[in-house]
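Enquirer: what follows is a predicted protein model with its sequence.
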Amino acid sequence: IPVSGEGAIGHGFFAFNGTVHSVDRKKAQLLGDYSRSAPLSPTYLNQNVAAAVAATRKLGVMSEMIIKALHTYGALPARCEYLGSGEGISFVDNTRASTRLAAIKSLQDHSDVYWISGSKLEADLLPSSVRKTYILAPSSPRARKTPLAKALTAACRDAGKLRNANPDLNPVIMFAPCLS
C-alpha cells in the first residue's frame with residue numbers, strides 16, 4: 001500500500017499537517033484530523049501515521065477508531081522528546097535518531113536549533129534551521145572531543161544570546177548524538 005508523509009499521492013494514504021487521507025483513483029478522502037496529538041506533531045512522523053492508518057484500514061478498522069487511537073499515542077522516550085524549557089529555550093532529546101535521515105527530518109521540525117551531535121553533517125544536508133552544531137565525537141584522529149557538559153554549556157550560552165537579542169524567537173537545543 002503506497003504511503004506518503006509529504007503530501008498527496010495518486011493512490012494509497014498520506015498524512016500532512018495533522019490530517020490523514022486515503023486516495024483511490026486519484027480522489028482524496030479525509031479520514032480524520034490528529035493535529036491535537038502533540039506527540040505526532042513533528043512532520044517526520046507523517047509517514048509513520050500514514051503507514052499505521054494504511055495497515056489498520058487494511059485490517060478493517062474504521063477510520064474513526066484509528067483517529068481516536070492516534071490521539072492516545074505517547075511520544076517515544078528520546079525520540080524528539082520535549083524535555084522542558086527555561087528562559088525561552090526549549091530542550092529536546094533525540095538520542096534515538098540513529099540515522100542521518102532521522103536527524104535531518106527532526107532538525108527540520110524546529111527553528112533556531114543548537115544541535116549537540118555525534119558527528120558532522122555535510123553542509124548541503126544541514127537544514128537551515130540549525131544555527132550551530134556542537135560535535136561530541138572527533139571527526140578525525142587529530143580532532144578534539146568536546147565533552148557533553150561543555151557542549152551543553154556552549155549551546156545554552158549561544159541560544160541565550162539569540163533569545164536576548166530576539167525575545168520573540170524560541171531557540172531549541174537538541175541533543176542527537178547518534179548520527180551514523
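Expert: Good, I have the coordinates.
Enquirer: for residue 110, which non-adjacent residue is closest in space?
Expert: residue 172 (4.5 Å; CB to CB, 6 or more residues apart in numbering). (Glycine included, C-beta is placed from N, CA and C.)
Enquirer: the one you found against residue 112, yeah?
Expert: Yes: between residue 172 and residue 112 a contact is recorded at 6.4 Å, counting by CB atoms under 8 Å.
Enquirer: more crowded one of those two?
Expert: residue 172 (24 against 19; other CB atoms under 10 Å).
Enquirer: so where is the chain shaky, pLDDT-wise?
Expert: Scanning the chain with the threshold set as pLDDT under 70 gives 137-146, 178-180.
Enquirer: what's the first helix or strand after the helix or strand containing residue 104?
Expert: For residue 104, the host element (DSSP states H and E) is helix 100-108. Next in sequence after helix 100-108, counting helices and strands by DSSP H and E, comes strand 113-117.
Enquirer: so where's the longest helix in the protein?
Expert: helix 148-165 (DSSP state H).
Enquirer: residue contacts, the spatially most central residue of the chain?
Expert: The centroid of the chain falls nearest to residue 106 when counting by CA atoms, centre = their mean (2.7 Å). Taking CB atoms under 8 Å, 6 or more residues apart in numbering, we find residue 106 in contact with 42, 44, 80, 94, 97, 174, 176.
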